[in-house]
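Engineer: A structural model of the following input is requested.
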Amino acid sequence: MQKWADELAARDPGIEMKLLYAKDGQEVVDTYPEMSDEALPMFLVVDDDDEFCQLIQGYFKMTGCPCKGAANAAEALALLGQGDIDLVVSDIKMAGNDGVELMQETHRDYPHIPFIIMTGYAPEYSYEAIIEAGASDFIAKPFPLGELKAKICRIQREQNILRRLQLTLNQVKRLFESTVGALSYTLERRDPYTLGTVLSI
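Structural biologist: Predicted coordinates for the structure are as follows:
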């Protein structure tokens with residue numbers, strides 16, 4: 001794990017490992033900028049490699065993005081049941097249900113929660129199969145933690161756009177219904193013989 005961590009640091013010098021390892025007994029300040037206002041308030045990382053899971057949690061907590069960890073699908077589902085998880089980052093190969101099976105079970109109860117699937121060597125799943133199964137994205141191990149952060153922020157931005165579009169559609173619908181109601185009322189006042197017929201149309 002330390003060797004893999006050092007490789008991450010070499011690929012993104014001065015970023016990941018500065019956040020995760022103390023130097024001379026002091027915590028090193030994060031060199032990444034703060035996550036935007038659209039960053040997820042909470043996400044869940046699921047991996048049966050406890051050291052790897054803590055690595056990801058430590059990085060994101062230091063960057064101001066709180067997250068929780070789970071070692072398997074059962075633990076993940078229990079945490080999801082608490083209702084404060086906005087996104088899941090799951091390893092694909094775990095004891096018991098794998099990451100894709102966890103995603104499919106989660107989406108039965110929480111279809112709005114996006115998944116990023118972490119893949120190492122999983123010949124039973126192709127990229128196409130993972131996306132078709134419902135994942136928002138995938139990331140291949142080993143990866144720079146900054147790359148995972150970028151994927152999480154991109155998904156959140158897309159969700160914010162969808163929420164704003166839905167809000168706009170709801171506002172347009174209410175405006176349309178209000179306009180039709182006002183026109184119907186005006187027509188009925190002018191012609192009592194049309195009373196109720198406009199709205200019925």
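
Engineer: Enumerate every residue touching the residue positioned nearest the centre of the chain.
Structural biologist: In the chain, the residue lying closest to the centroid (Cα atoms, centre = their mean) is L87, at 3.0 Å. The neighbours of L87, taking Cβ atoms under 8 Å, 6 or more residues apart in numbering as the test, are L40, F43, L44, I113, P114, F115, I116, I152, I155, Q156. Every residue, glycine included, has its C-beta placed from N, CA and C.

Engineer: Could you tell me which of the residues you listed belong to strands?
Structural biologist: Cross-referencing the contacts of L87 against strands under DSSP state E gives F43, L44, F115, I116.

Engineer: rewinding a little: and of the contacts of L87, the nearest to T63?
Structural biologist: Top of the list for closeness to T63, among the contacts of L87 and by Cβ to Cβ, is I152 at 10.5 Å.

Engineer: Just give me how far the top helix by length along the chain sits from the chain centre.
Structural biologist: When the chain is parsed with DSSP state H, its longest helix is helix 145-190. The gap between the average C-alpha position of helix 145-190 and the chain average comes to 21 Å, counting by Cα atoms, centre = their mean, to the nearest Å.

Engineer: ditto for stretch 73-84
Structural biologist: The chain centroid and the centroid of stretch 73-84 are separated by 14 Å under Cα atoms, centre = their mean.

Engineer: what comes up buried for it?
Structural biologist: A73, E75, A76, L77, L79, L80 (16 or more other Cβ atoms under 10 Å).

Engineer: cool, and stretch 49-68?
Structural biologist: For stretch 49-68, a neighbour-count test (16+ other Cβ under 10 Å) marks 52-53, 55-60, 62-63, 65, 67-68 as buried.

Engineer: Now do that stretch: distance to the chain's middle.
Structural biologist: That offset, for stretch 49-68, works out to 15 Å (Cα atoms, centre = their mean).

Engineer: Likewise for stretch 116-125?
Structural biologist: If you compare the mean C-alpha spot of stretch 116-125 with that of the full chain, they lie 18 Å apart, counting by Cα atoms, centre = their mean.

Engineer: Please work out the average pLDDT along it.
Structural biologist: Mean per-residue pLDDT for stretch 116-125: 79.

Engineer: likewise stretch 77-95?
Structural biologist: For stretch 77-95, mean pLDDT rounds to 92.

Engineer: For the buried residues of stretch 73-84, give me CSV that also has secondary structure and distance to L165.
Structural biologist: What follows is the buried residues of stretch 73-84, written out as CSV (DSSP: H, G, I helix; E, B strand; the rest coil; distance: Cβ to Cβ, whole Å):
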residue, secondary structure, distance to L165
A73, helix, 32
E75, helix, 34
A76, helix, 29
L77, helix, 30
L79, helix, 29
L80, helix, 26
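
Engineer: Kindly reformat those as a markdown table containing distance to Y125.
Structural biologist: Compiled in a markdown table, the buried residues of stretch 73-84 are given as follows (distance: Cβ to Cβ, whole Å):
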| residue | distance to Y125 |
| --- | --- |
| A73 | 15 |
| E75 | 22 |
| A76 | 18 |
| L77 | 20 |
| L79 | 24 |
| L80 | 22 |
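
Engineer: what about I152, distance to H112?
Structural biologist: Here the distance between I152 and H112 works out to 16 Å (Cβ to Cβ, to the nearest Å).
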